[in-house]
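**Student:** Sharing a model that was predicted from the sequence below.
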Amino acid sequence: MGTGIVAVVAAAFPAGGPVTRTAAEIFWLIAVSLLVVLTTALVRHWIRRRDDALADARSHTMFPFYGAVSMAVLTVGAGTGSAGRELLGGVAVAASATLWTLGTVIGLVTYVVMARRLTRPHQVTPVPSWLMPVVPPMVSAATGAALVKHLPEGAPQVAMLVVCYTLFALALSAALTVAVVVGRHLLSNGLPDTPLVPTLWIPLGVIGQSVAAINLLGGASGHAWLHSVGVVYGTTVGALGVLALVTLVTVTARAFRRGLGFTPSWWSFTFPVGTCALGANSLGVALDSVVIVGAGVTLWCALVLIWSTVAVRTLRHAAGQRGGRAVRDGSAAHALSAVR
């Protein structure tokens, strides 16, 4: 997720030059490699330590990370159809569609499971990571927009648009429900402990991804009224996103002053910033606004800096854990956190 989104955003810029194209290809290749390695690790974990894997899947704390699997597959798939197009040629679209289908199916499974769990009584503290299993359909909506033009005109394109808008609505409704539950808890009990502050960025990802999705779908539809819906939604929710971003930067800066040390939760900074960059770029293109597209470029530059910092710290952390033993021998959550 956190790596693939760098490639997806770089490939989406309307006036991308050699630098952004090269960056998109490099980050896409890194994301593909990580997806293969970590998928292998996760499958091996389920085979060798099935009881632990089942315990993770049943846990309110660990299960949300399975949403990262879907979003990782979808993000790499989107990058395959854009950043990987010149390297793969005609195969890129087919590969992208295959990954989109796989990621969407996985995302719908995590969505249904989490939705059912939310309707049952539980004694678990609501946390922002609960959004991860219900957000994948929003990522499917955003990434599916790029596939519309590759389908035959008429019914196939309309059907794809209907599917994507439906996925958008499903994700938005569930995300709002979870956000209300988590928000009430935060208002009643205050902010989480310092090490968990990075997870507060997760809801920002929903804002950015939804703005990107509805504007990309509006553009893919070719209908003026859907384009207008995207612009109105993007402008309104985008303004909320700016306010949320400023608030999160302030809260996070205070956490660093209190001694926020590195944990895998730092990857929570990457994907949300990436989706905001993609959302700004998509809205800017819809409005033909150089300023808003420029904001997207600025966010992407910040994303690259954040990704580089977190990646270096992750490598150091892995070295301290004797070559990443946590990924090989630990729970599925370790592998899924690394996917982010």
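**Tutor:** Right, received. Where do you want to start?

**Student:** mean confidence for the helix or strand where residue 163 lies?
**Tutor:** Element membership for residue 163 (DSSP states H and E) is helix 155-189. Mean pLDDT, computed over helix 155-189, is 96.

**Student:** low-scoring stretches of the stretch 151-300 of the chain, by residue?
**Tutor:** Along the stretch 151-300 of the chain, no part satisfies pLDDT under 70.

**Student:** what ranges do the helices span in it?
**Tutor:** In the stretch 151-300 of the chain, the helices defined using DSSP state H, counting those that start in this stretch lie at 155-189, 202-221, 224-257, 270-287, 290-320.

**Student:** Mind giving me the packing neighbours of the third one?
**Tutor:** In other words, helix 224-257. Other elements packing on helix 224-257 under the criterion 3 or more C-beta pairs under 8 Å, 6 or more residues apart in numbering; DSSP states H and E are helix 202-221, helix 270-287. All C-beta spots, glycine's among them, are computed from the backbone N, C-alpha and C.

**Student:** Can you pull the phi/psi pair for the residue sitting furthest away from the middle of the chain?
**Tutor:** The C-alpha centroid of the chain is most remote from residue 154, which lies 30.4 Å away (C-alpha atoms, centre = their mean). With angles defined as degrees, to the nearest 10, residue 154 sits at phi 100, psi -140.

**Student:** I'd like the distance between it and residue 227.
**Tutor:** 20 Å (C-beta to C-beta, to the nearest Å).

**Student:** Residue 70 too?
**Tutor:** Counting by C-beta to C-beta - residue 70 and residue 227 are separated by 28 Å.

**Student:** Looking at those two, which one has more neighbours?
**Tutor:** Ranked by neighbour count (other C-beta atoms under 10 Å), residue 70 and residue 227 place residue 70 first, with 27 against 19.

**Student:** My guess is the more buried one contacts residue 106. True?
**Tutor:** Yes - applying C-beta atoms under 8 Å, one finds residue 70 in contact with residue 106, separated by 4.1 Å.

**Student:** what is in contact with these two at once?
**Tutor:** Common neighbours of residue 70 and residue 106, counting by C-beta atoms under 8 Å, 6 or more residues apart in numbering, are residue 136.

**Student:** Enumerate the positions of stretch 101-110 that are buried.
**Tutor:** Buried residues in stretch 101-110, counted by 16 or more other C-beta atoms under 10 Å: 101, 103-104, 106-110.

**Student:** Okay, and which of these map to helices?
**Tutor:** 101, 103-104, 106-110 (DSSP state H).

**Student:** Out of these, which comes closest to residue 277?
**Tutor:** Of all those, residue 103 has the smallest distance to residue 277: 20.3 Å, by C-beta to C-beta.

**Student:** quick one on the thing from earlier: so which of the helices of the stretch 151-300 of the chain comes closest to residue 4?
**Tutor:** helix 270-287 (8.5 Å).

**Student:** Just the C-alphas of that closest one, formatted as CSV.
**Tutor:** C-alpha atoms of helix 270-287 as CSV (Å, rounded to 0.1, in the frame of the first residue of the first chain):
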residue,chain,number,x,y,z
THR,A,270,2.2,6.8,4.0
PHE,A,271,-1.0,5.5,2.3
PRO,A,272,-3.2,8.3,3.7
VAL,A,273,-0.8,11.0,2.4
GLY,A,274,-0.7,9.2,-0.9
THR,A,275,-4.4,9.0,-1.3
CYS,A,276,-4.7,12.7,-0.5
ALA,A,277,-2.1,13.4,-3.2
LEU,A,278,-4.1,11.3,-5.6
GLY,A,279,-7.4,13.0,-4.5
ALA,A,280,-5.9,16.5,-5.0
ASN,A,281,-4.5,15.5,-8.4
SER,A,282,-7.9,14.0,-9.5
LEU,A,283,-9.8,17.0,-8.3
GLY,A,284,-7.3,19.4,-9.9
VAL,A,285,-7.7,17.6,-13.2
ALA,A,286,-11.5,17.7,-13.0
LEU,A,287,-11.4,21.5,-12.2
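
**Student:** Over to residue 16: give its phi and psi.
**Tutor:** According to degrees, to the nearest 10, residue 16 has phi -60, psi 130.

**Student:** That one contacts residue 10, correct?
**Tutor:** Yes - assessed by C-beta under 8 Å, residue 16 is found in contact with residue 10 at 6.8 Å.

**Student:** where do the contact lists of these two overlap?
**Tutor:** The contact lists of residue 16 and residue 10 share residue 24, where a contact means C-beta under 8 Å, 6+ apart.

**Student:** neighbour count winner among the two?
**Tutor:** residue 10 (29 against 16).

**Student:** before we move on, back to that, and residue 147, which of the helices of the stretch 151-300 of the chain is closest to it?
**Tutor:** Comparing these against residue 147 with C-beta to C-beta, the closest turns out to be helix 155-189 (6.5 Å).

**Student:** Would you mind listing the buried residues in stretch 282-290?
**Tutor:** Buried-residue list, stretch 282-290, by 16+ other C-beta under 10 Å: 282-287.

**Student:** do stretch 119-135 as well
**Tutor:** 126-135.

**Student:** May I have the residues that are in contact with the residue nearest to residue 217 when sequence neighbours are not counted?
**Tutor:** The shortest distance from residue 217 to any non-neighbouring residue, by C-beta to C-beta, 6 or more residues apart in numbering, is to residue 145 (4.8 Å). Listed by C-beta under 8 Å, 6+ apart, the contact set of residue 145 reads 164, 213, 216-217, 219-220.
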